[in-house]
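>>> I'll drop the sequence and a predicted model, then ask my questions.
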Amino acid sequence: MPTFTLRRKDGTTEDTKYTELMVIAGTQVHKLALHKTTLGNWVVSDPKSGAAIVRDIAGWFKGCPVSTRGFTLREVRALAQGEVDNLISRIGSDRFNATLADPKPF
(Lines give C-alpha, C1' and ligand atoms only; values in the text may rest on other atoms or scores of the structure.)
Protein backbone atom coordinates (compact mmCIF):
# COMPACT_ATOMS: atom_id res chain seq x y z
CA MET A 1 0.00 0.00 0.00
CA PRO A 2 1.28 3.49 -0.77
CA THR A 3 1.74 6.02 2.03
CA PHE A 4 1.41 9.79 2.34
CA THR A 5 2.07 12.33 5.09
CA LEU A 6 -1.15 13.21 6.87
CA ARG A 7 -1.07 16.75 8.27
CA ARG A 8 -3.13 17.85 11.26
CA LYS A 9 -4.16 21.34 12.33
CA ASP A 10 -2.02 21.14 15.47
CA GLY A 11 1.08 20.82 13.26
CA THR A 12 1.75 17.13 13.76
CA THR A 13 2.23 14.74 10.85
CA GLU A 14 1.80 11.01 10.44
CA ASP A 15 2.71 8.60 7.64
CA THR A 16 -0.55 6.93 6.61
CA LYS A 17 -1.23 3.96 4.34
CA TYR A 18 -4.03 4.48 1.85
CA THR A 19 -5.96 3.10 -1.10
CA GLU A 20 -6.21 5.25 -4.22
CA LEU A 21 -9.58 6.76 -5.07
CA MET A 22 -9.83 8.02 -8.65
CA VAL A 23 -12.06 11.09 -9.04
CA ILE A 24 -12.98 12.99 -12.19
CA ALA A 25 -13.81 16.68 -11.80
CA GLY A 26 -14.66 18.33 -15.10
CA THR A 27 -11.89 17.17 -17.43
CA GLN A 28 -9.25 16.46 -14.76
CA VAL A 29 -8.56 13.16 -13.04
CA HIS A 30 -7.38 13.20 -9.43
CA LYS A 31 -5.87 10.41 -7.33
CA LEU A 32 -7.07 10.86 -3.78
CA ALA A 33 -6.26 8.86 -0.66
CA LEU A 34 -8.92 6.72 1.04
CA HIS A 35 -7.69 5.77 4.52
CA LYS A 36 -8.72 5.05 8.09
CA THR A 37 -8.14 7.33 11.04
CA THR A 38 -6.71 6.10 14.32
CA LEU A 39 -10.31 5.66 15.55
CA GLY A 40 -11.18 3.49 12.54
CA ASN A 41 -13.31 6.00 10.62
CA TRP A 42 -12.76 6.40 6.87
CA VAL A 43 -11.51 9.68 5.38
CA VAL A 44 -10.68 10.97 1.89
CA SER A 45 -7.54 13.13 1.76
CA ASP A 46 -5.29 14.78 -0.80
CA PRO A 47 -2.01 12.80 -0.76
CA LYS A 48 -0.04 15.81 -2.09
CA SER A 49 -0.93 18.27 0.65
CA GLY A 50 -1.99 15.78 3.33
CA ALA A 51 -5.23 17.68 4.02
CA ALA A 52 -8.58 15.93 4.46
CA ILE A 53 -11.20 16.48 1.77
CA VAL A 54 -14.08 14.45 3.23
CA ARG A 55 -14.03 13.55 6.92
CA ASP A 56 -16.03 10.75 8.50
CA ILE A 57 -17.67 9.06 5.56
CA ALA A 58 -21.11 7.94 6.77
CA GLY A 59 -22.95 4.83 5.76
CA TRP A 60 -26.69 4.29 5.99
CA PHE A 61 -28.68 1.48 7.59
CA LYS A 62 -32.49 1.55 7.50
CA GLY A 63 -32.43 5.30 6.84
CA CYS A 64 -30.10 6.17 9.71
CA PRO A 65 -26.48 7.31 9.37
CA VAL A 66 -23.99 4.83 10.81
CA SER A 67 -20.22 4.64 11.20
CA THR A 68 -18.29 2.95 8.39
CA ARG A 69 -15.79 1.26 10.73
CA GLY A 70 -17.12 -2.21 9.97
CA PHE A 71 -17.70 -1.67 6.25
CA THR A 72 -15.62 -3.42 3.60
CA LEU A 73 -13.27 -1.46 1.38
CA ARG A 74 -15.61 -1.99 -1.56
CA GLU A 75 -18.56 -0.51 0.33
CA VAL A 76 -16.55 2.42 1.65
CA ARG A 77 -15.09 3.15 -1.80
CA ALA A 78 -18.61 3.53 -3.23
CA LEU A 79 -19.69 5.79 -0.35
CA ALA A 80 -16.52 7.89 -0.62
CA GLN A 81 -16.99 8.31 -4.36
CA GLY A 82 -20.52 9.56 -3.73
CA GLU A 83 -19.36 11.99 -1.02
CA VAL A 84 -16.66 13.47 -3.27
CA ASP A 85 -19.10 13.71 -6.19
CA ASN A 86 -21.54 15.57 -3.93
CA LEU A 87 -18.76 17.96 -2.91
CA ILE A 88 -17.82 18.60 -6.53
CA SER A 89 -21.43 19.27 -7.51
CA ARG A 90 -21.83 21.62 -4.52
CA ILE A 91 -18.72 23.77 -5.05
CA GLY A 92 -18.16 23.19 -8.78
CA SER A 93 -15.45 21.32 -10.61
CA ASP A 94 -13.46 24.49 -11.39
CA ARG A 95 -13.08 25.38 -7.71
CA PHE A 96 -12.31 21.76 -6.78
CA ASN A 97 -9.61 21.52 -9.46
CA ALA A 98 -8.14 24.91 -8.52
CA THR A 99 -7.94 23.95 -4.85
CA LEU A 100 -6.17 20.66 -5.58
CA ALA A 101 -3.82 22.36 -8.07
CA ASP A 102 -2.56 24.72 -5.36
CA PRO A 103 -2.91 22.67 -2.15
CA LYS A 104 -2.70 24.47 1.17
CA PRO A 105 -3.43 22.16 4.07
CA PHE A 106 -4.77 24.87 6.42
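Okay, I see it. Numbers count the residues shown, from 1 in each chain.

>>> from here on, contacts and neighbour counts on C-alpha atoms
Will do.

>>> Go through the strand ranked longest in the chain and flag the buried ones.
Scanning the chain for the longest strand, with DSSP state E as the assignment, gives strand 28-36. Across strand 28-36, burial judged by 16 or more other C-alpha atoms under 10 Å covers L32, A33, L34, H35, K36.

>>> Neighbours of T13, how many?
By the measure other C-alpha atoms under 10 Å, the count of residues near T13 is 13.

>>> cool, the one 10 residues further on as well?
The number of residues packed around V23, counting by other C-alpha under 10 Å, is 15.

>>> does it count as helix, strand or coil?
Look at V23: counting by DSSP: H, G, I helix; E, B strand; the rest coil, its state is strand.

>>> wait, it sits on A33?
No: assessed by C-alpha atoms under 8 Å, V23 is found out of contact with A33, at 10.4 Å.

>>> circling back to that earlier point, so what's the gap between the longest strand of the chain and the chain middle?
6 Å (C-alpha atoms, centre = their mean, to the nearest Å).

>>> contact partners of that strand?
Here strand 28-36 makes contact (C-alpha atoms under 8 Å, 6 or more residues apart in numbering) with 16-24, 42-47, 77, 80, 97.

>>> next helix or strand past it?
With elements assigned by DSSP states H and E, the helix or strand that comes after strand 28-36 is strand 42-45.

>>> ok, residues contacting whichever helix or strand comes after that next one?
Using DSSP H and E, the helix or strand that follows strand 42-45 in sequence is strand 52-54. Defining contact as C-alpha under 8 Å, 6+ apart, one finds that strand 52-54 is touched by V43, V44, S45, D46, A80, E83, V84.
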